[in-house]
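>>> how does the following fold in three dimensions:
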Amino acid sequence: MKVCEKLGLNLIELEDWNCCGSSSAHSLDQKLAFRLAARNLSLAPSDRPLLVMCPTCLHRLKLAHKVISENPAARAEEEARWAGL
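So this is what the prediction gives:
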């Protein structure tokens with residue numbers, strides 16, 4: 001965080017973000033792991049880049065982004081689930 005400040009980056013923490021569940025969530029329930037990541041994506045402003053400190057969270061977010069980018073039905077389902085956040 002201090003390095004980003006020194007670089008002039010204005011970081012804004014996502015309000016009410018959740019842990020992606022790391023390895024435990026996807027080893028127990030693939031759909032839950034996807035939804036945890038999709039929820040965080042729904043909270044992120046579309047006009048700003050998303051910076052993630054945890055490499056596992058980054059991996060889970062990239063997988064969720066790939067699914068919702070390539071599967072319109074999955075995207076519509078998640079948009080409906082997380083609408084209004």
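>>> hey, let's count contacts and neighbours off CA atoms from now on
Will do.
>>> Ser22 and Ala74, how far apart?
21 Å (CA to CA, to the nearest Å).
>>> which of the two has more residues huddled nearby?
Ser22 (18 against 14; other CA atoms under 10 Å).
>>> what's the neighbour count on the residue lying closest to the more buried one once chain neighbours are set aside?
Spatial nearest neighbour of Ser22, chain neighbours left out: Thr56 (5.8 Å); criterion: CA to CA, 6 or more residues apart in numbering. For Thr56, the neighbour count with other CA under 10 Å is 14.
>>> per-residue pLDDT, Thr56?
On the pLDDT scale, Thr56 is placed at 89.
>>> ok, Glu5 next?
90.
>>> who are the contact partners of it?
When the contact criterion is CA atoms under 8 Å, 6 or more residues apart in numbering, Glu5 has no partners at all.
>>> kindly report the same for Leu14.
40, 43-44.
>>> take the residues you listed and write them to JSON lines, including pLDDT, distance to His65 and neighbour count.
Below are the contacts of Leu14 laid out as JSON lines (pLDDT from 0 to 100; distance: CA to CA, whole Å; neighbours: other CA atoms under 10 Å):
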{"residue": "Asn40", "pLDDT": "93", "distance to His65": "10", "neighbour count": "21"}
{"residue": "Leu43", "pLDDT": "92", "distance to His65": "13", "neighbour count": "17"}
{"residue": "Ala44", "pLDDT": "92", "distance to His65": "12", "neighbour count": "17"}
